[in-house]
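Enquirer: Need a 3D model of the sequence below.
(chains A and B)
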Amino acid sequence: MATTIDRTGSAARPVATRPVTARSGQAAGGRGVVGTLLLYAMLLILSVIILAPLLWMLSTSFKTTGDATALPPQWIPPTPSLEGYTKLFADAQAPLLRWLGNSVLVGVLHTALVLVTASMAAYPLARMRFPGRRVVFALIIATLFVPGFVFLMPNYLIVDGLGWLDSLWALVVPGAASAFGVFFLTQFFASLPAELEEAALIDGANRWQIFFRVVLPLSRAPLATLGLLSFLASWNDFLWPLYVLFNPSQLTLPAGLATLRGAYATDFPAVMAGAAIASIPVLILFAFVQRFVISGVARSGLKG
Amino acid sequence: MTTIASPRDRTDRPGGPRRSAGDMPRRSTARSPHQPRPWTPYLFLAPFLLIFGTFVLAPAVSGIWMSLHNWDFFLPDRPFVGLQNYVDLFTPDALVAQQFWESMRATGLFVLLSVPLLMAIPLGLALLLNQRFRGRTFFRAVFFAPYVLGVSVVGLLWQYLLNGNTGLVNGYLAQLGIAEAVPWLTATPWVWVSLVGVTVWWTMGFNSVVYLAGLQNVDEALYDAAKVDGAGRWAQFVHVTIPQLRPVLLFVLTMTVLASANMFGQSYLLTSGNPSNETRTAIMFIAEVGLEQFRMGLAAAMSYLLALLLIVVSALNFLFLRQKES
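Expert: Just a heads-up that it's a prediction; the model follows:
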């Protein structure tokens, strides 16, 4: 059962089992020295386009305000300085580490909520028969096609009614209503062989035990995928936190960084210091888990 | 052990309670050997349905209700106005209608400009990454990296890089002898080049990865067969890669159209909707009207109009996709 899922992960493709000569067009064998050089030249140019702005961000964050706008552009700070960082850390209106903490907290709680609620909902939809199953499933799937901004105005009122305006709960809970997780996991659960459940039922297990001891342990890969996608979505969410959070200490990184544009409009080292603090932890984390993130995204694409 | 009831037992005991033909499962994968307690599935569903009901079903209905009222967040009176909010959006001399359709134009323009590039460039990138070479995983990660930064970092970073007077881009252009500073963030058509360019830089890795997974599912034998028939690289691309990739292409198309139609952060951070609101997108205008001016009924009406348009577009895409698959 897992093979139908793993097939989409790039690493799982049985490369070694095929003779190299058979892998015609795509193989290294079909490429001369010139072709290889050309390939690496293109990859290098593209990498520079991707990485140069990030290096410039880092470099500028260690410059003085004057050096940040010097011409010709200076990649190595002529007079290295921590001004940008110290200025930000001294500013009570821009508690950057607090924003980082808020973003992580919201991301983790939101992801946990999605995993628990979506997997619990997907299990009966995929593997039980009960009155209303079709209606519930159709209702959930139908909302996959409704763009999220439709819920913006009414949800603002609902969140206000719950007393969640300017609270991180406004970022944790409403997003978990997304149909994607249920849809994604229902498809996976439905692909599990019925024999597994039957064996457990014969052993006297009930549905809850089967769910926790049989279905979930077999679903680590799709759960990890859904978790990573949920975390990324929460981490990158911009519009909603911008409007439901007000107090500087309550903001998440995306909403907080946006406020820097006003206070530090021309203080580029400070703004880049903020951007650097926001991006370096994620980039380091990404470096470690990139395989999972990328195969997760790939998998979600093929599911759709 | 009294609950043992394998599927075979059912046919052996046709008269058994609650085992009529209507209960028989239609798909073998969803077979359940014994009937669960009737409320069990609902208990499993309850947490999700609670959240789903509160933040999706309820707002879907109350949003329509709001759009039929002159609904101001701070005013106690929210009189019923019928379809007036919608009518206002179609009244040519009403200011709000002009602004709304200008923002729809900005969104439409962004979709038209960004989607072809976000379809083609990532496909090229995926074909590049689908070759076998050393460092493949590394480069794939590099190209995906901007996506994990989020729109806020990307917006701040490029606002600085594209700054008309002090930005790195104009700095290098000046060194190349282009003396006149390009107004990347303040004048058309440059604002569109910037918004589309930054979006491509930010999200091309995402689409590439989806394509790449599709490419790796293409049967190698098809390429071998094409080669035997004397097909060159280009012929292989046109006659094998593209047809095999069709479902993935349509999926990426649907996703990218929706993402571009939802564009907000790039305009908000890079151009603030300038020059003279030309890059103020529909989402940006809806958020302004609803969550800054708090004319929420009107904003709700605008969201429904835009959503209707997008639902039609994605439904067409979906039907097309289904048709091609079968």
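Enquirer: okay but B:G297 is in contact with B:R78, surely?
Expert: Yes: between B:G297 and B:R78 there is a contact under C-beta atoms under 8 Å: 7.3 Å. All C-beta atoms are positioned from the backbone trio N, CA, C, and that covers glycine.
Enquirer: Of those two, give the one with the bigger neighbour count.
Expert: For B:G297 versus B:R78, neighbours defined as other C-beta atoms under 10 Å in any protein chain shown are more numerous around B:G297 (27 against 15).
Enquirer: State the pLDDT value of the most centrally placed residue in chain A.
Expert: Centroid-nearest residue in chain A: A:L232, 1.5 Å away (criterion: C-alpha atoms, centre = their mean). pLDDT, the model's per-residue confidence, is 86 for A:L232.
Enquirer: tell me the contacts of it?
Expert: Shown here is A:L232, whose contacts under the criterion C-beta atoms under 8 Å, 6 or more residues apart in numbering or on different chains are A:V293, B:Y147, B:V148.
Enquirer: circling back to that earlier point, which residues are in contact with each of B:G297 and B:R78?
Expert: Common neighbours of B:G297 and B:R78 (C-beta under 8 Å, 6+ apart) are B:H69, B:N70, B:W71, B:D72.
Enquirer: Mind pulling up the pLDDT for the first one?
Expert: At B:H69 the predicted local confidence, pLDDT, stands at 89.
Enquirer: burial measure for it, as a count.
Expert: For B:H69, which is what you asked about, the neighbour count (other C-beta under 10 Å) is 20.
Enquirer: next one: the last one
Expert: Using other C-beta under 10 Å, B:D72 has 15 neighbouring residues.
Enquirer: Quick check: chain neighbours aside, which residue is closest to it?
Expert: When the adjacent residues along the chain are set aside, B:D72 lies closest to B:F294, with 5.6 Å between them (C-beta to C-beta, 6 or more residues apart in numbering or on different chains).
Enquirer: circling back to that earlier point, which one of the contacts of A:L232 sits closest to A:P269?
Expert: Distance ranking of those against A:P269, using C-beta to C-beta, places B:V148 first at 23.6 Å.
Enquirer: on that earlier part again, could you measure the residue nearest to B:D72 against A:W75, distance?
Expert: As for B:F294, its distance to A:W75 is 47 Å (criterion: C-beta to C-beta, to the nearest Å).
Enquirer: Comparing the two, which residue is more hemmed in?
Expert: It is B:F294, of B:F294 and A:W75, that has more neighbours when counted by other C-beta under 10 Å, with 17 against 11.
Enquirer: for the stretch 1-150 of chain A, what are the low-confidence residue spans?
Expert: The model of the stretch 1-150 of chain A has pLDDT under 70 over residues A:1-30.
Enquirer: Go again with 90.
Expert: The stretch 1-150 of chain A contains residues with pLDDT under 90 at A:1-36, A:64-81, A:83-84, A:87-97, A:128-129, A:141-148.
Enquirer: Now do the contacts for B:N262.
Expert: In this structure, B:N262 makes contact with A:P147, A:G148, A:F149, B:I283, judged by C-beta under 8 Å, 6+ apart.
Enquirer: Any chance of TSV for those residues, columns distance to B:P243?
Expert: Formatted as TSV, the entries for these read as follows, by distance: C-beta to C-beta, whole Å:
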residue	distance to B:P243
A:P147	30
A:G148	33
A:F149	35
B:I283	35
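Enquirer: Tell me the pLDDT of the closest residue to A:P73 other than its chain neighbours.
Expert: Leaving aside its chain neighbours, A:P73 sits nearest to B:G171 (4.7 Å; criterion: C-beta to C-beta, 6+ apart). Reported pLDDT at B:G171 in the predicted model: 88.
Enquirer: quick one: contacts for A:M57?
Expert: When the contact criterion is C-beta under 8 Å, 6+ apart, the partners of A:M57 are A:M272, A:A275, A:A276, A:S279, B:L157, B:Y160.
Enquirer: Kindly recompute the last result at 10 Å.
Expert: Contacts of A:M57 were listed using C-beta atoms under 10 Å, 6 or more residues apart in numbering or on different chains, and they are A:268, A:271-276, A:279-280, B:149, B:153, B:156-157, B:160-161.
Enquirer: Reduced to three states, what does residue 50 come out as?
Expert: The chain I'm using is chain A. For A:I50, the reduced secondary structure class is helix; criterion used: DSSP: H, G, I helix; E, B strand; the rest coil.
Enquirer: Let me see the contact set for it.
Expert: A:I50 sits next to B:F139, B:V142, B:F143, B:F144, B:A145, B:P146, B:W201, B:M204, B:G205 when contact means C-beta under 10 Å, 6+ apart.
Enquirer: Return the member of those nearest to B:A261.
Expert: Top of the list for closeness to B:A261, among the contacts of A:I50 and by C-beta to C-beta, is B:M204 at 18.1 Å.
Enquirer: Return the distance of stretch A:151-164 from the chain's centre.
Expert: With C-alpha atoms, centre = their mean, to the nearest Å as the basis, the distance from the averaged C-alpha position of stretch A:151-164 to the chain average is 24 Å.
Enquirer: Quick one: the helices in the stretch 151-300 of chain B, in order.
Expert: For the stretch 151-300 of chain B, helices defined by DSSP state H, counting those that start in this stretch occupy the ranges B:168-175, B:190-216, B:220-228, B:233-236, B:242-261, B:265-266, B:282-291, B:296-325.
Enquirer: so how far is chain B from A:I202?
Expert: 6 Å (C-beta to the nearest C-beta, to the nearest Å).
Enquirer: swap in A:F188?
Expert: Distance of A:F188 to chain B, computed by C-beta to the nearest C-beta: 12 Å.
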